[in-house]
Each structure stands twice: as structure tokens, then as C-alpha cells.
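Peer 1: Have a look; sequence and predicted model below, questions after that.
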Amino acid sequence: MEFDKELDARGLNCPLPILRTKKALSEMSSGQVLRVVATDPGAVRDFEAFARQTGNTLLESSDANKEFAFLLRRK
């Protein structure tokens, strides 16, 4: 899937990936897609909760080689 912006949150622990995602999304227009790459194992749960609480759409999440990728559409 295509995305408009990418955020590298590898090596950051909770809550930094979410905080940086929130900042990145605030700089984007409604409907744009942000791709986030993180290594924190808690990120999967955190991003699901973040999407529910903020109204942004978690389009996809995947993991490979202990890295997690998320696609979020800004509300």
C-alpha cells in the first residue's frame, strides 16, 4: 500500500513511538497515510489503542524480523 509519509521509530520504547506518530499525523492532511516502523514489542497493542482513541484508521499492521510496520490514515 502506498503512503504519504514514513516515520522511523525503531529503537524507541513506549510511549515515544506513539508520541512521534501523533506529532507526524498532526502535520498531515486528512486522508493521508503515515507508515510507522517500530521495534518495541508493545507497539502492536499501543497502535491499536491509539487508533481507537484518536479516530485515525489503522489500515494495516505487520511484523517481520522483530520490526513492526503500521499504516495509519489520518482522520
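Peer 2: It's in.
Peer 1: For the nearest residue to residue 61 once chain neighbours are set aside, which three-state class applies?
Peer 2: Nearest residue to residue 61 in three dimensions, chain neighbours excluded: residue 70, at 5.0 Å (CB to CB, 6 or more residues apart in numbering). Yep, even glycine has a C-beta here, placed from its N, CA and C like the rest. Secondary structure for residue 70, judged by DSSP: H, G, I helix; E, B strand; the rest coil, is strand.
Peer 1: show me what contacts residue 70?
Peer 2: If you count contacts by CB atoms under 8 Å, 6 or more residues apart in numbering, residue 70 has them with 21, 35-36, 38, 43, 47, 58, 60-61.
Peer 1: Report the beta-bridge partners for residue 68.
Peer 2: residue 38, residue 63 (DSSP bridges).
Peer 1: Check residue 33 too.
Peer 2: Beta-bridge partners, per DSSP bridges, of residue 33: residue 73.
Peer 1: quick one: which helix or strand includes residue 36?
Peer 2: Taking DSSP states H and E as the criterion, residue 36 maps to strand 33-38.
Peer 1: Now that strand: buried residues?
Peer 2: For strand 33-38, a neighbour-count test (16 or more other CB atoms under 10 Å) marks 33-36, 38 as buried.
Peer 1: quick one, what contacts residue 46?
Peer 2: Counted by CB under 8 Å, 6+ apart, residue 46 has contacts 14-15, 17-18, 40.
Peer 1: Among the residues you listed, show me the least confident.
Peer 2: The lowest pLDDT within those belongs to residue 14, which sits at 91.
Peer 1: Quick check: closest non-adjacent residue to that one.
Peer 2: residue 42 is the one closest to residue 14 (CB to CB, 6+ apart), at 5.2 Å.
Peer 1: State the distance from the spatially most distant residue from the centre of the chain to residue 17.
Peer 2: The C-alpha centroid of the chain is most remote from residue 65, which lies 17.5 Å away (CA atoms, centre = their mean). According to CB to CB, to the nearest Å, residue 65 and residue 17 sit 17 Å apart.
Peer 1: quick one: pLDDT of the most centrally placed residue in the chain?
Peer 2: In the chain, the residue lying closest to the centroid (CA atoms, centre = their mean) is residue 36, at 4.2 Å. On pLDDT, residue 36 comes in at 98.
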